[in-house]
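> Coordinates for the following, if possible.
(chains A, B, C and D)
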There are 4 protein chains.
Amino acid sequence: MLCDRLRLRPTDPRQVFIVQENAMKVRVRYPETDRMGVAHHVNYLIWFELGRTELMREAGLTYREVEDRQGVMFPVIEIHAEYKASVGYDETIEIRSRVAEVSRVRLRFSYRIMNAAGGELLAEGYTVHASVGRDGRPRRMPTDLAASLRALTE
Amino acid sequence: MLCDRLRLRPTDPRQVFIVQENAMKVRVRYPETDRMGVAHHVNYLIWFELGRTELMREAGLTYREVEDRQGVMFPVIEIHAEYKASVGYDETIEIRSRVAEVSRVRLRFSYRIMNAAGGELLAEGYTVHASVGRDGRPRRMPTDLAASLRALTE
Amino acid sequence: MLCDRLRLRPTDPRQVFIVQENAMKVRVRYPETDRMGVAHHVNYLIWFELGRTELMREAGLTYREVEDRQGVMFPVIEIHAEYKASVGYDETIEIRSRVAEVSRVRLRFSYRIMNAAGGELLAEGYTVHASVGRDGRPRRMPTDLAASLRALTE
Amino acid sequence: MLCDRLRLRPTDPRQVFIVQENAMKVRVRYPETDRMGVAHHVNYLIWFELGRTELMREAGLTYREVEDRQGVMFPVIEIHAEYKASVGYDETIEIRSRVAEVSRVRLRFSYRIMNAAGGELLAEGYTVHASVGRDGRPRRMPTDLAASLRALTE
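Residues are numbered from 1 along each chain as shown, chains lettered A, B, ... in the order given. Below you'll find the model as predicted:
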């Protein structure tokens, strides 16, 4: 997993740079392919999940710790993807993720999956997440968590 | 796999019933669950795929044969899902699938995932498919295939 | 999921039949295939898991309840499979499972995966499970649970 | 994916170093976990596959090219794993792979999965592969391919 900081910008004099978009590279795994010979469409949604996890990590938020220490979970409540081109076994894709919207109860990420070799757009989409507690009921996001996520939007 | 014909209706005097919506039951598998204790969201999209396969089979169209004999494939070009409630390991879900739209080059299915026990709506969504040939290029659907699929819409 | 009782035998005058081997049929799902055009080898191990779950259910033991109510879990500590033939998308396989060995701390299941159409043996293997508590530490199986499982061996 | 060359040794005066064991690091993905809260056991077998692919790549053999250009495939005919400890979401594992045995018709790899943080052994196992052609029938491995693989054994 190679994560590069893209398009950094100064946001605060004390905290010089903030990640805007996270780019993460992964190779297509053999069992991710199907009998058409290319990656099955559900894997793109797993790649979305890898992307948002790395985006949060770059921003200093480890999603596992958010779940385990803060007791807040962000289950997917809406998912959308549009597929433009296929990608084969062992090819490297680049997952570009960004936070599109943050409120105290919802979170929206948007994604683009590119072929790392030629830069071709393979798919794009978004996910919407609710903020819930350990009991699965809606729970307002802690203020500092919401602020950290909001700092990632433009 | 238990498939029930739902809401049958007479359509043609010579061909008495046509399936409108297919309902298929499956149990949630252990590896489909995640650390939240419920089925991971990507599995719903695999259930959508099971649903449309059974819907086509009920209509006399085996998707494998469509791919293998007619050389036509229907890759997903757009997918959308909205999640309403979670479902746990070993619970039985009912996948309700219908053909929403058919043209010579596109196909749209819509789905509802219910908890088979209480009938609660767990998720709903749709998939859009292109009609392509073995080379991955757009190919108009054979007329009889398009007609069989169109007969499933209202 | 179609489960048939195979080779039933009388064991106790008050409880007429005991399941010896469980046979369960499932179809190969599209994302289970890979670019070789057949089911990827890891899926056979998921089928093993489906098989032992149904075997236990037939014997009146719902694995989910064993985990949730009795607080005993049976994680896999050893797995072995030998592959004889491949199987394609949408073909129906039959998973034949049996309890091979039971002690208060271990459990062994053995499996055969057949092609339901011709009866050809596709793979065979076994899994060994430890009995552990919710904390992941070894925990002796409750006596009645061990007895019910032992009744399934020959 | 970070691949480090481990235990390098000189083998031939003209070709200075040969990889003996490949070590590759990956993070546990969210959908790889199950309701026990740790990675489901089948994922270890997918990690074995990632490991042997990287091992071959380090040795200059891209498995995809072997399949696509040479028309030789190495389907798994036997798999074995023993599990020692569990691993949770987002933890980093190290997959250590080596070629254990090579003949013109068979190939055996062995693996150890470690927790990258503490170095704890999580699982070990092996896979045996047949050499087959595009038609799925046994096919002797090309001499140079067998030689390259044999150079990786001790």
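> helices or strands next to the longest helix along chain A in the packing?
The longest helix of chain A (DSSP state H) is helix A:42-58. Contacts defined by 3 or more C-beta pairs under 8 Å, 6 or more residues apart in numbering or on different chains; DSSP states H and E place helix A:42-58 against strand A:2-6, strand A:21-27, helix A:63-69, strand A:76-83, strand A:92-102, strand A:106-115, strand A:121-130, helix B:42-58. Where you see a C-beta, it was placed from the backbone N, CA and C, and this is true even at glycine.
> mind checking pLDDT for the closest residue to A:Tyr89 other than its chain neighbours?
Nearest non-adjacent residue to A:Tyr89, counting by C-beta to C-beta, 6 or more residues apart in numbering or on different chains: A:Thr33, 4.9 Å away. For A:Thr33, the pLDDT comes out at 97.
> Flag every residue of chain A that's near chain D.
Contact residues, chain A versus chain D (C-beta under 8 Å from any C-beta of the partner chain): A:1-2, A:26-27, A:29-31, A:46, A:49-50, A:53, A:62-64, A:88-90.
> Sort out which of those are buried, if you could.
The neighbour count (16 or more other C-beta atoms under 10 Å in any protein chain shown) marks A:26-27, A:29-31, A:46, A:49-50, A:53, A:63-64, A:89-90 as buried among the residues of chain A next to chain D.
> re the thing from before, mean pLDDT for the helices and strands packed on helix A:42-58 - can I get that in TSV?
Shown next, in TSV, are those (pLDDT from 0 to 100):
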stretch	mean pLDDT
strand A:2-6	36
strand A:21-27	94
helix A:63-69	92
strand A:76-83	98
strand A:92-102	96
strand A:106-115	97
strand A:121-130	98
helix B:42-58	96
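> ok so, going back, what angle do the longest helix of chain A and strand A:121-130 make?
70 degrees (axes from the mean of the first three to the mean of the last three C-alpha atoms, to 10 degrees).
> Quick check on A:Ser148: phi, psi?
With angles defined as degrees, to the nearest 10, A:Ser148 sits at phi -60, psi -40.
> Contacts only, for it.
A:Ala59, A:Gly60, A:Leu61 (C-beta atoms under 8 Å, 6 or more residues apart in numbering or on different chains).
> where does the residue lying farthest from the centre of chain A land in three-state SS?
Outermost residue of chain A with respect to the C-alpha centroid, by C-alpha atoms, centre = their mean, is A:Arg35; its distance is 27.6 Å. With DSSP: H, G, I helix; E, B strand; the rest coil as the basis, A:Arg35 sits in coil.
> for chain B, what are the nearby residues on chain A?
Residues of chain A lying near chain B (C-beta under 8 Å from any C-beta): A:35-36, A:41-42, A:45-46, A:67, A:73, A:75-83, A:86, A:136.
> Name the nearest residue to the residue most central in space within chain A, sequence neighbours excluded.
Nearest to the mean C-alpha position of chain A, by C-alpha atoms, centre = their mean, lies A:Arg52 at 1.9 Å. Among residues not flanking A:Arg52 along the chain, A:Phe109 sits closest, at 4.8 Å (C-beta to C-beta, 6+ apart).
> Mind listing the residues bridging to the one you found?
A:Val99, A:Thr127 (DSSP bridges).
> That one reaches A:Ala100, doesn't it?
Yes - A:Phe109 is within contact range of A:Ala100, at 6.1 Å (criterion: C-beta atoms under 8 Å).
> Now do the shared contacts for the two.
Counting by C-beta under 8 Å, 6+ apart, the residues touching both A:Phe109 and A:Ala100 are A:Tyr126.
> Tell me, how many residues neighbour A:Asp135?
8 (other C-beta atoms under 10 Å in any protein chain shown).
> where does it land in three-state SS?
A:Asp135 - assigned by three-state DSSP - is coil.
> For the residue farthest from the centre of chain A, which non-adjacent residue is closest in space?
Nearest to A:Arg35 is C:Thr33, by C-beta to C-beta, 6+ apart, at 4.1 Å.
> Kindly report the residues of chain A close to chain C.
Close to chain C, as judged by C-beta under 8 Å from any C-beta, chain A has residues A:Tyr30, A:Pro31, A:Thr33, A:Asp34, A:Arg35, A:Gly37, A:Val38, A:His40, A:Val42, A:Gly88, A:Tyr89.
> The third one contacts A:Arg27, correct?
No - distance between A:Thr33 and A:Arg27: 11.6 Å, which falls outside the contact criterion (C-beta under 8 Å).
> Check the gap between A:Asp34 and B:Ser131 for me.
18 Å (C-beta to C-beta, to the nearest Å).
> Tell me how many other residues crowd A:Gly119.
8.
> Just the pLDDT for it.
The score at A:Gly119 is 95. That number is its pLDDT.
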